[in-house]
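Q: Can you look at this prediction? I've put the sequence above it.
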Amino acid sequence: MAYKNLYIQVKEWILEKIQDGTFKTGAVIPSETELVSMFGVSRATVNKALSDLVHEGFLKRIQGKGTFVQKDKRVPRTKQGSLGFSDEMAKKGRDVKTKPLKIEIIQDKSIASILNVNANAQLIKYERVRVSEGIIIAYQISYVPNKFLLVDKNITVEDLPTIELYELFASNGYEVSRAEEIYTIDRVKDPKVITAMNLEYEEPVFKVKRWSYLHDDTVLEYVESYLKWDYYQIELELHD
């Protein structure tokens, strides 16, 4: 049997035991030596399977103690739905805080084109990070045509309300009808993103482009998000 198939066999067996509750959160799994004996494979094969599961957030190695089942901290994100970020995370059982970084009124022809407004239109640019359990898990930049919120050009982050943008939209009479998202894997080179998220240069992240629409298909908001790869997984619902 090929090496790849052998390590996948070991990996899937461990995953199955985690998912069916045999290996509970915090429990130590069989040692490398035991797994080598159980499956009749090499130590390198077992190590590859364990390393993958550590990388994916299912296991944690503690030197001198063993390999333990770790609480899966990745947040599932669904393809469907138009919830705000914090609402979506709350539905997944995550307590996420927002830390505003900067807000300003800008004019940007390329962003105006994305928002389908006049090239010289005033746009709100709002930068923030999202924090869960003390860890920065996302960096986001929102762009909103200022005609919707009529923000003063001298606004600062100290002037921001403590509510979510979607709540601010609602309080101004705008209800998000639907949203579209495009996910890509990006190796971050932007110093601003690297600094804000405490990343390594070219560390991979999920980059998400999101458009939020009103009932008449007017674009209310365009967001670019950088999501930590080890805190997210993607869920898709497929229908006939």
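A: Nice, thanks for sending it over.

Q: hey, where'd the strands end up in this structure?
A: The residue ranges that make up the strands of the chain, judged by DSSP state E, are 59-62, 66-69, 75-78, 96-106, 123-132, 135-145, 178-187, 204-213, 219-228, 232-235.

Q: Would you convert those strands into a markdown table that also reports mean neighbour count, mean pLDDT and distance to residue 30?
A: Quick note: C-beta positions are derived from backbone N, CA and C, even for glycine. Output for the strands of the chain, formatted as a markdown table (neighbours: other Cβ atoms under 10 Å; pLDDT from 0 to 100; distance: least, Cβ to Cβ, whole Å):
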| stretch | mean neighbour count | mean pLDDT | distance to residue 30 |
| --- | --- | --- | --- |
| strand 59-62 | 14 | 90 | 12 |
| strand 66-69 | 17 | 93 | 9 |
| strand 75-78 | 17 | 50 | 28 |
| strand 96-106 | 15 | 89 | 35 |
| strand 123-132 | 20 | 92 | 31 |
| strand 135-145 | 20 | 93 | 30 |
| strand 178-187 | 13 | 88 | 33 |
| strand 204-213 | 18 | 92 | 31 |
| strand 219-228 | 20 | 94 | 30 |
| strand 232-235 | 14 | 70 | 25 |
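
Q: Isn't residue 43 up against residue 37?
A: No. Here residue 43 lies out of contact with residue 37, judged by Cβ atoms under 8 Å, at a distance of 10.6 Å.

Q: Export the strands of the chain to JSON lines and append columns for distance to residue 164.
A: Converted to JSON lines, those look like this (distance: least, Cβ to Cβ, whole Å):
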{"stretch": "strand 59-62", "distance to residue 164": "33"}
{"stretch": "strand 66-69", "distance to residue 164": "34"}
{"stretch": "strand 75-78", "distance to residue 164": "17"}
{"stretch": "strand 96-106", "distance to residue 164": "7"}
{"stretch": "strand 123-132", "distance to residue 164": "10"}
{"stretch": "strand 135-145", "distance to residue 164": "11"}
{"stretch": "strand 178-187", "distance to residue 164": "14"}
{"stretch": "strand 204-213", "distance to residue 164": "12"}
{"stretch": "strand 219-228", "distance to residue 164": "11"}
{"stretch": "strand 232-235", "distance to residue 164": "19"}
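
Q: quick one, which of the ones you listed is nearest to residue 117?
A: Smallest distance to residue 117 across the strands of the chain (Cβ to Cβ): 5.0 Å, for strand 135-145.

Q: Contacts for that closest one next, please.
A: Judged by Cβ atoms under 8 Å, 6 or more residues apart in numbering, the contacts made with strand 135-145 from elsewhere in the structure are 75, 85, 96, 99, 108, 111, 114-115, 117, 121-131, 165, 193, 196-198, 219-228, 231-232.

Q: Pull up the pairing partners for it, direction included.
A: Take DSSP bridges as the rule and strand 135-145 pairs in its sheet with strand 123-132 (antiparallel), strand 219-228 (antiparallel).
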